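1. the following block contains a protein sequence and its predicted model.
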Amino acid sequence: MFMRRRPLLRAAAIGGGAYVAGRHVARQSAARDQAEDDQNARLAYLEQQAVIAQPVPVAAGTAPTAPASAASIPEQLDQLATLHRQGTLSDDEFTTAKARLLSS
């Protein structure tokens, strides 16, 4: 009569393989979610900068004045550099935002 040998070892190997595969999928999913969150944060920052950089329409006959609450150009460049060093902005995004800031 034929007898199975080491059924527990076989079950443990199959279960261990499934566990490792599940952990791998979970890590990939977490990395993908983190990358998506980072990208959304960068896009929100760039959209905010685009809104700030848009000129405010001035009524005819009034002299344009600088907004008191707006940060100066050197302060904005420091903020961009800090975000670039932290990794929030990529090299291309940093260059684009800096060029936009300096051209205004």
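-> In hand now; what should we look at? Residues are numbered from 1 along each chain as shown.
2. quick check: Val20 vs Asp78, distance?
-> To Asp78, Val20 is 46 Å away according to CB to CB, to the nearest Å. Every C-beta, even on glycine, is put in place using the N, C-alpha and C of the backbone.
3. correction: Gly87
-> Where Asp78 is concerned, Gly87 sits at a distance of 17 Å (CB to CB).
4. those two: who's more crowded?
-> Shown here are Gly87 and Asp78; by other CB atoms under 10 Å, Asp78 has more neighbours (12 against 9).
5. the more buried one sits in which helix or strand?
-> Assessed by DSSP states H and E, Asp78 sits inside helix 73-86.
6. which helices and strands does whichever helix or strand comes after that helix pack with?
-> Per DSSP H and E, the first helix or strand lying C-terminal to helix 73-86 is helix 91-103. Contacts defined by 3 or more CB pairs under 8 Å, 6 or more residues apart in numbering; DSSP states H and E place helix 91-103 against helix 7-53, helix 73-86.
7. buried deepest among these, which one?
-> For these, average neighbour numbers computed from mean count of other CB atoms under 10 Å are highest in helix 73-86, which has a mean of 13.
8. could you chop this structure up by domain?
-> The record's domain parsing of the chain by automatic domain parsing lists 8-38, 71-104.
9. closest one to Gln49 among the ones you listed?
-> Closest approach to Gln49 among the domains of the chain (CB to CB): domain 71-104, 5.8 Å.
10. middle-most residue in this protein, spatially?
-> Relative to the mean C-alpha position of the chain, the nearest C-alpha, by CA atoms, centre = their mean, is the one of Asp38, at 2.0 Å.
11. still on that earlier bit, tabulate the helices and strands packed on helix 91-103 (TSV), appending distance to Phe94 and mean pLDDT.
-> Output for the helices and strands packed on helix 91-103, formatted as TSV (distance: least, CB to CB, whole Å; pLDDT from 0 to 100):
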stretch	distance to Phe94	mean pLDDT
helix 7-53	10	88
helix 73-86	4	87
